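Peer 1: model this:
(chains A and B)
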Protein chains: 2
Amino acid sequence: MRKIDVCLSPDLIHLYELSGKAVVAVDIFRATSCMVTAFAHGAAEIVPVEQVDLCESYREKGYLVSAERNGITPEGFDFDNSPFSYQVEKVKGAKICVTTTNGTVAIRRSETAAALYVGAFLNISRVVEALKAWEGDALVVCAGWKGKPNLEDTLFAGAVIDLLTGQYEVADDAALMAWKNYNVAAKDLLTAVKNSSHVNRLLKLGIERDIAFCLEFDRYSVLPTWDGQRLIDTNL
Amino acid sequence: MRKIDVCLSPDLIHLYELSGKAVVAVDIFRATSCMVTAFAHGAAEIVPVEQVDLCESYREKGYLVSAERNGITPEGFDFDNSPFSYQVEKVKGAKICVTTTNGTVAIRRSETAAALYVGAFLNISRVVEALKAWEGDALVVCAGWKGKPNLEDTLFAGAVIDLLTGQYEVADDAALMAWKNYNVAAKDLLTAVKNSSHVNRLLKLGIERDIAFCLEFDRYSVLPTWDGQRLIDTNL
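Peer 2: So this is what the prediction gives:
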């Protein structure tokens, strides 16, 4: 049977073989939830980059730009890192360049995978469908927080594994632990994540509604997919 | 309140501040379980080293030598990586040099901590007592498997946190997840770990009795402690 594994942090990605695999990059709070929201509101493409300066330079190329560091948006960018920021008219048809503390790192470090999707609870069924259609092994790459594993991305990985029961088998202990954590938390994700350090960091930023929003399953049916240079929405 | 955190892999240790902290290094299957067993049978000191060659060279200095790579012992060493290997007369009073795939890495990378203990289920109450007596923060460093997190070391970390409830608070999500995983598995650790990849690797080596042995709580009351150059047993 096909195998699914979980890389709990981009700082561990050197330990995982990406070639031939379908990778799902996830940063629930909030980068990949934002990207899914942006595509659902008509974004044409998203370029994830690792540096704020590089992101800013995309404005000259006709992109809208979005940046976040430590949960906060520097001056002069079009979007902050809230999914509500992307639920506006100007997103329709826009090309957007994004840099964030963790999520864009997870995506760019995964780009040598055979297929690379961006996942969130908001589009989890599309992710699961894509992995059901995939014929090889799969890996969920969690963005974590500055290299450390975090709860919400791990729970997402566990949810994907849970939804793929019987389709994939668990490859290794990180995947097994993610799955167990999800099983414990599944009935009430919001309460489960309220104990997490990252959520406490975010709550201090006053974004309770972002947190509840990012934990909604299947609000959108887009699937942001890496085409070698950018993320586009595909209908697999 | 004091905080306790968990580093799920030696490959993530650069993300953790060690200075001022008490660190517990753990490699349940089987390095730290072996070390605890060796001290319980009278070993005088244990020097953990990262290289097989370096380990072998300690023989000239009057040490017994123990090596393991990928679960197997190379030719010409006194002990293999089974806790039963150390339950013999020659351990009494011996100085032993040890190298293993994962456990000795976790110990050596933790040596800048303010205090460094070697933990296993076999001596978990001694570890917990030492952390209760410690006045600063604490960190459990899991050996994992070649850089990847593993179930059994994470479960040990979760057990330590569980036994310190009310004494320390959880510092971050990795610790929170370890604790949750332990709570799920606590009633029957043996069944829980039988699903893990590392245990399947070990079962192929025919060491079922090692696995059951390494999951026993408090068989021994030693506390291997780093003195700056070697591990010795201390009575804190």
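
Peer 1: where's the closest residue to residue A:229 other than its chain neighbours, which helix or strand?
Peer 2: Residue nearest to residue A:229 in three dimensions, not counting chain neighbours: residue A:47, with 7.5 Å by C-beta to C-beta, 6 or more residues apart in numbering or on different chains. Glycine gets a C-beta too; all of them are placed from N, C-alpha and C. Per DSSP states H and E: residue A:47 is located in strand A:45-48.

Peer 1: What residues of the next helix or strand after that strand count as buried?
Peer 2: Later in the chain than strand A:45-48, the nearest helix or strand by DSSP H and E is helix A:52-57. In terms of neighbour count (16 or more other C-beta atoms under 10 Å in any protein chain shown), helix A:52-57 has its buried residues at A:52, A:55, A:56.

Peer 1: for the very next helix or strand once past helix A:52-57, what is the average pLDDT?
Peer 2: As assigned by DSSP H and E, the chain's next helix or strand after helix A:52-57 is strand A:64-67. For strand A:64-67, the per-residue pLDDT values average out at 96.

Peer 1: Does anything pack onto strand A:64-67? Which helices or strands?
Peer 2: Strand A:64-67 makes packing contacts with helix A:52-57, strand A:95-99 when contacts are defined by 3 or more C-beta pairs under 8 Å, 6 or more residues apart in numbering or on different chains; DSSP states H and E.

Peer 1: Take those and write them to CSV, including distance to chain B and mean pLDDT.
Peer 2: CSV is the format used below for the helices and strands packed on strand A:64-67 (distance: least, C-beta to the nearest C-beta, whole Å; pLDDT from 0 to 100):
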stretch, distance to chain B, mean pLDDT
helix A:52-57, 21, 95
strand A:95-99, 21, 97
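
Peer 1: by contact count, what packs against the strand holding residue A:47?
Peer 2: The contact analysis (3+ C-beta pairs under 8 Å, 6+ apart) places strand A:45-48 against helix A:31-40, strand A:95-99, helix A:103-108, strand A:231-233.

Peer 1: What lies in contact with the second one?
Peer 2: Meaning strand A:95-99. A:31, A:34-35, A:38, A:43-52, A:54-55, A:58-59, A:61-68, A:78-79, A:104 (C-beta atoms under 8 Å, 6 or more residues apart in numbering or on different chains).

Peer 1: now do 6 Å
Peer 2: Strand A:95-99 is contacted from outside by A:43-49, A:52, A:55, A:58, A:63-67, using C-beta atoms under 6 Å, 6 or more residues apart in numbering or on different chains.

Peer 1: So which bits of it are buried?
Peer 2: By neighbour count with 16+ other C-beta under 10 Å, strand A:95-99 contains the buried residues A:96, A:97, A:98, A:99.

Peer 1: Grab the nearest non-local neighbour of the last one.
Peer 2: Distances taken as C-beta to C-beta, 6+ apart put residue A:55 closest to residue A:99, at 4.1 Å, once the chain neighbours are dropped.

Peer 1: residue contacts, that neighbour?
Peer 2: With C-beta under 6 Å, 6+ apart, residue A:55 has these contacts: A:49, A:65, A:67, A:97, A:99.

Peer 1: what pairs with the fourth one across the strands?
Peer 2: In this structure, residue A:97 has the following beta-bridge partners (DSSP bridges): residue A:47, residue A:65.

Peer 1: and residue A:22, which of the helices and strands packed on strand A:64-67 is closest to it?
Peer 2: For residue A:22, the closest of the helices and strands packed on strand A:64-67 is strand A:95-99, at 21.9 Å, according to C-beta to C-beta.

Peer 1: I'm done for today, thanks for sticking with me.
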